[in-house]
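Engineer: For reference, the sequence and a predicted model appear below.
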Amino acid sequence: MIEATDFRDAMSLLTTAVNIVTTNGNSGMHGFTASAVCSVTDTPPTLLVCMNQASRSHAHFIENKILSVNVLGAHHESISNAFASRLTQTERFKQGQWTKLTTGAPVLKDALVSFDCEIEQIQKVGTHSVFLCRVVDIKLPDFQDATEQSLVYFNRSYHQLGHVADMAIS
């Protein structure tokens with residue numbers, strides 16, 4: 001049997017994008033930092049988002065039935081830390097500038113990309129809920145900056161991943 005600590009140690013070596021996942025609705029505005037986000041299919045456009053059921057925001061995501069996934073750039077490390085901290089939701093959303101798309105879930109204005117989603121299915125697996133989310137809107141950056149870098153998490157710390165220039169082979 002694999003021990004939970006061994007599994008967590010192994011998973012720390014899986015490089016992941018850092019995201020702020022948000023919701024808004026009858027249950028209020030909430031958000032958390034997440035690395036467990038991935039594409040499921042493009043027909044129909046669907047994302048998978050995992051959230052710990054013990055999270056103080058978990059019930060609010062279930063009730064609101066919407067979320068936005070905001071993919072963070074290298075310059076967003078402080079906002080990632082804020083949304084992973086014990087700060088109140090009000091204090092978290094004072095970080096950054098926010099707008100909204102189709103669902104009304106908060107969208108970070110300068111995210112690398114934002115996916116606005118409706119939660120279509122929820123599956124409980126162990127300590128987490130897996131949200132299958134239909135993408136109903138996307139906010140791409142106003143321009144593609146070749147120097148923009150993504151914030152990633154690897155070996156329990158932040159790193160930057162970005163554009164690699166073409167190199168001539170002599």
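Structural biologist: Ah, there it is.
Engineer: What is the burial count for Gln160?
Structural biologist: Neighbour count of Gln160, defined by other C-beta atoms under 10 Å: 12. C-beta coordinates here come from the backbone N, C-alpha and C atoms, glycine included.
Engineer: check contacts around it.
Structural biologist: Ala74, Gln149, Ser150, Leu151, Val152 (C-beta atoms under 8 Å, 6 or more residues apart in numbering).
Engineer: Quickly find the element holding it.
Structural biologist: Per DSSP states H and E: Gln160 is located in strand 157-162.
Engineer: Out of the contacts of Gln160, the closest to Thr15 would be?
Structural biologist: Val152 (5.4 Å; C-beta to C-beta).
Engineer: how about low-confidence regions in this structure?
Structural biologist: For the chain, the stretches with pLDDT under 70 are 142-147, 163-170.
Engineer: And the spatially most central residue of the chain, how far from Thr43?
Structural biologist: Nearest to the geometric centre of the chain sits Asn19, at 2.7 Å (C-alpha atoms, centre = their mean). Between Asn19 and Thr43 the computed distance is 22 Å (C-beta to C-beta, to the nearest Å).
Engineer: Could I get the full set of strands for this structure?
Structural biologist: Secondary structure of the chain (DSSP state E): strands at 16-17, 19-23, 30-34, 37-42, 45-52, 66-71, 98-100, 106-108, 113-125, 128-139, 149-154, 157-162.
Engineer: what pairs with the closest residue to Pro45 other than its chain neighbours across the strands?
Structural biologist: Once flanking residues are discounted, Pro45 sits nearest to Val135: 3.8 Å by C-beta to C-beta, 6 or more residues apart in numbering. According to DSSP bridges, the residues that bridge with Val135 are Cys117.
Engineer: List the residues that contact Val135.
Structural biologist: Pro44, Pro45, Thr46, Leu47, Phe115, Asp116, Cys117.
Engineer: filter the residues you listed to the buried ones?
Structural biologist: Pro45, Thr46, Leu47, Phe115, Asp116, Cys117 (16 or more other C-beta atoms under 10 Å).
Engineer: out of these, who's nearest Ser39?
Structural biologist: Distances from Ser39 to those, taken by C-beta to C-beta, are shortest for Leu47, at 6.2 Å.
Engineer: ok, and the closest non-adjacent residue to the closest one?
Structural biologist: In space, Leu47 is closest to Cys133, 4.8 Å off (C-beta to C-beta, 6+ apart).
Engineer: Equivalent analysis for Val69, please.
Structural biologist: Once flanking residues are discounted, Val69 sits nearest to Phe115: 4.4 Å by C-beta to C-beta, 6+ apart.
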